[in-house]
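Q: When you get a sec, could you give me coordinates for this:
(one chain, ligands or ions: 3)
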Amino acid sequence: MGRVSAGHSHSSAHYGNKDAVRAVIVSAVALGLAALAEITASVVSGSASVLADGLHNAGDVLTSFILLFTFALVRRPATRRFSSGYGRFEDVATLLIIVVIIVTAAVAAAESVSKLIHPVTYSNIPLSLGAALIGVIANLGVSEYKLRVGRGIGSESLAADGVHSRIDALVSAAAFVGIGLAGAGLAIADPIAGIVITLAIVFVLAGTVKQLFYRMMDAVDPTIVDEIANAASSVSGVLQVHDVRVRWVGRELVAVMHVAMNPKCTLEDAHALAMRVESAVCQQVPAARLEIHMDPGTAKHKHALVGTPEPNEEHDPSS
Ligand SMILES: [Zn+2]
Ligand SMILES: [Zn+2]
Ligand SMILES: [Zn+2]
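A: Ligands and ions are numbered 1, 2, ... in the order given. Sure thing, here's the model as predicted:
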């Protein structure tokens, strides 16, 4: 480990996406068939609640395809334009998903409110009941599958999607109850169930918006910052760790930190220490990818902030 100029590798997070891709495809096909059955049945029977649920499931299928595209894209190597890689496309995907949810919620709301104001007579009730039941079963199956795979590969977005599908099984059950009661003579139950389903869609929307907000603000679980700082401090030779900043880039936690060591050490020693800090932190927080600034000793010092260079600085980085 003596030579610094060649043959060293810095750790980086790995994507194991094969299982995720399969989970997303299988789930999309299952939910797509359920959505098709529900939308067809709702057109035949005139049910607003089954239409709302079918639209919701169709929106989830579109969401799945956006996630699938994301999984494929984030694996691509960095280019000179996208020198940080494509991991952050997860956040772009979240934005696209928000647009999809808004559209499905708007159509479901319009149809439900219209049927509430202008009641219709329903026909072919058993067909819509059966379609809603298919929605319940498809969502329960998809939920278990996505949760298992998502937790297995550490994909938060896939696991969250699994939790979402679990709630969707309840939403489909609401459509079942709505059209069932309408069939029993309580016509108003169908558009009311449609509105309840719309509210469920809006609730999911709020959570997705919050998630995107956190990502855009570079928010992380505060305990992660301490965990990374403590792991770095525990390495022998590290005198001090300060200015730890952590943010998610896709499924990587990019951590920037200052590490102080003995100022009399060689660059070779400093690099070796930085490598040890990297491996110690990655052992504690596997998603972490470090950018380490080495400080000579623990003397008080001030670094120029980005965009506000020191007045006597010789090199202008922008030129
Ligand atoms: Zn859903
Ligand atoms: Zn420093
Ligand atoms: Zn290096």
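Q: Let me know the secondary structure of the residue in the stretch 51-200 of the chain positioned nearest to ligand 2.
A: The stretch 51-200 of the chain approaches ligand 2 most closely through Ser84 (22.9 Å), counting by Cβ to the ion. Bear in mind the C-beta positions are built from the backbone N, C-alpha and C, glycine included. At Ser84, secondary structure determined by DSSP: H, G, I helix; E, B strand; the rest coil is coil.
Q: What degree of burial does the closest residue to ligand 1 within the stretch 201-319 of the chain show, as a neighbour count?
A: Proximity of the stretch 201-319 of the chain to ligand 1 (Cβ to the ion) peaks at Val204, 6.0 Å away. Per other Cβ atoms under 10 Å, the neighbour tally for Val204 reads 21.
Q: Show me what counts as buried in whichever strand or helix holds it.
A: Using DSSP states H and E, Val204 falls within helix 189-216. Buried residues in helix 189-216, counted by 16 or more other Cβ atoms under 10 Å: 189-198, 200-201, 204-205, 208, 211-212, 215.
Q: again, but for stretch 144-161
A: So for stretch 144-161, counting by 16+ other Cβ under 10 Å, buried means Tyr145, Lys146, Leu147, Val149, Gly150, Ile153, Ser155, Ser157, Leu158, Ala159, Ala160, Asp161.
Q: What pLDDT is listed against the second one?
A: So the one you mean is Lys146. We note a pLDDT of 89 for Lys146 in this prediction.
Q: Provide a list of residues in contact with it.
A: Ala23, Val24, Ser27, Leu158, Ala159, Asp161, Gly162, Ser165 (Cβ atoms under 8 Å, 6 or more residues apart in numbering).
Q: Can you classify it by secondary structure?
A: Assignment for Lys146 (three-state DSSP): helix.
Q: any idea how far it is from ligand 1?
A: Plainly put, Lys146 is 11 Å away from ligand 1 if you go by Cβ to the ion, to the nearest Å.
Q: so what's the closest residue to that residue other than its chain neighbours up against?
A: Nearest residue to Lys146, sequence neighbours excluded (Cβ to Cβ, 6 or more residues apart in numbering): Gly162, at 3.3 Å. By Cβ under 8 Å, 6+ apart, Gly162 lies in contact with Val142, Ser143, Glu144, Tyr145, Lys146, Leu147, Arg148, Gly150.
Q: got the phi/psi numbers for Gly162?
A: phi -70, psi -40 (degrees, to the nearest 10).
Q: how much space between the residue of the stretch 151-300 of the chain found nearest ligand 2 and Arg245?
A: The nearest approach of the stretch 151-300 of the chain to ligand 2 comes at His258, 3.4 Å away (Cβ to the ion). Distance, His258 to Arg245, by Cβ to Cβ, to the nearest Å: 10 Å.
Q: Of these two, give the one with the bigger neighbour count.
A: His258 (17 against 14).
Q: For the more buried one, what is the enclosing helix or strand?
A: strand 252-261.
Q: CA atoms only for that strand - export them in CSV, please.
A: Only the C-alpha atoms of strand 252-261 are listed here, as CSV (Å, rounded to 0.1, in the frame of the first residue of the first chain):
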residue,chain,number,x,y,z
GLU,A,252,-25.7,7.5,-2.3
LEU,A,253,-25.1,9.5,0.8
VAL,A,254,-22.5,12.1,-0.3
ALA,A,255,-20.6,13.2,2.8
VAL,A,256,-18.2,16.1,2.8
MET,A,257,-16.0,16.5,5.9
HIS,A,258,-12.8,18.0,7.3
VAL,A,259,-10.4,15.6,9.0
ALA,A,260,-7.5,16.9,11.0
MET,A,261,-4.3,14.9,11.4
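Q: Identify the residues contacting Arg22.
A: Val149 are the contacts of Arg22 under Cβ under 8 Å, 6+ apart.
Q: got the residues of the protein near ligand 1?
A: Taking Cβ under 5 Å from the ion as the criterion, the chain approaches ligand 1 at residues Asp60, Asp168.
Q: and with 6 Å instead?
A: His56, Asp60, His164, Asp168 (Cβ under 6 Å from the ion).
Q: ok, the residue lying farthest from the centre of the chain to Ala72 distance?
A: Distance from the centre of the chain peaks at Lys264, with 45.1 Å (Cα atoms, centre = their mean). Distance from Lys264 to Ala72, counting by Cβ to Cβ: 50 Å.
Q: Ile167 too?
A: 27 Å.
Q: cool, Leu96 as well?
A: 14 Å.
Q: Which of these two has more residues huddled nearby?
A: A direct count of neighbours by other Cβ under 10 Å for Leu96 and Ala72 places Leu96 higher, at 17 against 13.
Q: Just give the closest residue to that one, not the sequence neighbours.
A: Leu96's closest residue in space is Ile66 (Cβ to Cβ, 6+ apart), at 5.1 Å.
Q: ok, that neighbour - contacts?
A: By Cβ under 8 Å, 6+ apart, the contact set of Ile66 is Ala93, Leu96, Ile97, Val100.
Q: what about the closest residue to ligand 1 within the stretch 151-300 of the chain, how many neighbours?
A: Nearest residue of the stretch 151-300 of the chain to ligand 1 (Cβ to the ion) works out as Asp168 at 4.1 Å. With neighbours defined by other Cβ under 10 Å, the count for Asp168 comes to 27.
Q: Alright, that wraps it up for me.
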